[in-house]
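[1] 3D, please:
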Amino acid sequence: MSQLNRTRIQNVLKRMAEADVSQIIVTSPISIFYLTGEMVHPGERCLALYLNTDGAVTLVVNQLHNYIRLDGAKVVFFHDTEDPVAILAKEVKPGRLGVDKEWPARFLIHMMELRPDAPVLNGSVFVDMTRMVKDAQEQEKLRRSSAMNDRVVAKSIEAIQEGLSEVDLAEKVNEFFAAEGASVKNLCIVAYGKYCAIPHHGPSKEVFLQPGDNVLFDIGKNLDGYYSDMTRTVCYKSATDLQKKIYQIVLEANLAAIAAVKPGVRACDVDAAARQVIEKAGYGEYFTHRTGHNIGIEVHEWPDISSTNEMPLVEGMCFSIEPGIYLPDSVGVRIEDLVIVTKNGCEVLNHYPKDFMIVGK
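    Here you go, the predicted structure:
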């Protein structure tokens, strides 16, 4: 029998009450896991956790998952021949109803038809804000996951050699993660040469390492339920003055953004700290993405660290700092670390060196 995480649920309910919302339907499997400890993969079927500030907690889930037992919550199973939204609608009370952004329209529209007395609003923020602040246990898991990532990137850089395709090296990265006990699914980003200038380049079997190439690793995996994410860029055998220059600018931007992190500083100001360094150097148009994203039980969590996010940082947030410069068909460099916001600044979770490096000489 799984135990509800009462602290997390109470934090969600508190935020709801402050917004004068008494009930919410949570449908994201990840968020349901976060609140209940039960990870359900519903496929195309309905999955919903109903919370009410009066204390009601109800999980509506398909009969395929009839093993689920939740201490302190009602679990309602439905068969494929039944209407799960109608079952859920019986739990809903008159009044505003928060619904998370993950619920497919085919379920949401049906709920709106069945319960016109419960006008819906986007309720994701109540769960997202709770997930945004990591407790002590979560922070320790994030540290462990990032320490694993440091070890894997070290092995990956040592594995660089001529004749390996991007896919060959990416597969080695996955082998290193598997040996660490991480969950391994898709290949991480490994890019050579001009392909480093494509921020989300997919490793290719047709691209082989050449002397003078940049080699970019954007890697991270799930360890014990929490993700790591980091990027390091090195040069193979030699480097041009342009490669060295771009690297130093990106490194300065990375360090400037990290130095800007502390409670009360707006997320957009952290983004600006990195962006201003790159713009001052004349490469602003080649920094083509946000500076970072929150991370935890998912790689990309809410909110982001971007020029449009004016939210003040709070202690316990964990997010990436990953500025980059991407010169098309030429040079690409990104340097990424994870940080946890502390009382007076931040803790950097990645410790693999960031000094400019030429390998394979």
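[2] now the one helix or strand Ala170 maps to, how far from the centre of its chain.
    According to DSSP states H and E, Ala170 maps onto helix 166-179. Taking the mean of its C-alpha atoms, helix 166-179 sits 21 Å from the chain's own mean (Cα atoms, centre = their mean, to the nearest Å).
[3] Check stretch 297-312 too.
    On Cα atoms, centre = their mean, the centre of stretch 297-312 falls 9 Å from that of its chain.
[4] residues making contact with the helix holding Ala170?
    148, 151-152, 155-156, 159-160, 164, 184, 187-192, 195, 203-205, 207, 209, 215, 217, 219, 221 (Cβ atoms under 8 Å, 6 or more residues apart in numbering). In this view, the C-beta of every residue, glycine as well, is placed from N, C-alpha and C.
[5] mind listing what's buried in that helix?
    Glu166, Val167, Asp168, Leu169, Ala170, Glu171, Lys172, Val173, Asn174, Phe176, Phe177 (16 or more other Cβ atoms under 10 Å).
[6] now that helix: mean pLDDT?
    The pLDDT scores in helix 166-179 average 98.
[7] Could you point out the helix or strand that follows that helix?
    Counting by DSSP H and E, what follows helix 166-179 is strand 189-192.
[8] same for that following strand, what does it pack against?
    helix 166-179, strand 214-219 (3 or more Cβ pairs under 8 Å, 6 or more residues apart in numbering; DSSP states H and E).
[9] ok so, going back, next, the angle from the helix holding Ala170 to strand 214-219.
    Taking axes from the mean of the first three to the mean of the last three Cα atoms, to 10 degrees, helix 166-179 and strand 214-219 form an angle of 40 degrees between their directions.
[10] May I have helix 166-179 exported as PDB, CA atoms only?
    Extracted C-alpha coordinates of helix 166-179, given in PDB (Å, rounded to 0.1, in the frame of the first residue of the first chain):
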ATOM      1  CA  GLU A 166      28.500  10.400 -33.000                       C
ATOM      2  CA  VAL A 167      26.200   7.400 -32.400                       C
ATOM      3  CA  ASP A 168      29.200   5.200 -31.400                       C
ATOM      4  CA  LEU A 169      30.200   7.700 -28.700                       C
ATOM      5  CA  ALA A 170      26.600   8.300 -27.600                       C
ATOM      6  CA  GLU A 171      26.200   4.500 -27.100                       C
ATOM      7  CA  LYS A 172      29.300   4.500 -25.000                       C
ATOM      8  CA  VAL A 173      27.800   7.300 -22.900                       C
ATOM      9  CA  ASN A 174      24.700   5.100 -22.300                       C
ATOM     10  CA  GLU A 175      26.900   2.200 -21.300                       C
ATOM     11  CA  PHE A 176      28.600   4.300 -18.700                       C
ATOM     12  CA  PHE A 177      25.200   5.400 -17.300                       C
ATOM     13  CA  ALA A 178      23.900   1.900 -17.200                       C
ATOM     14  CA  ALA A 179      27.000   0.800 -15.200                       C
END
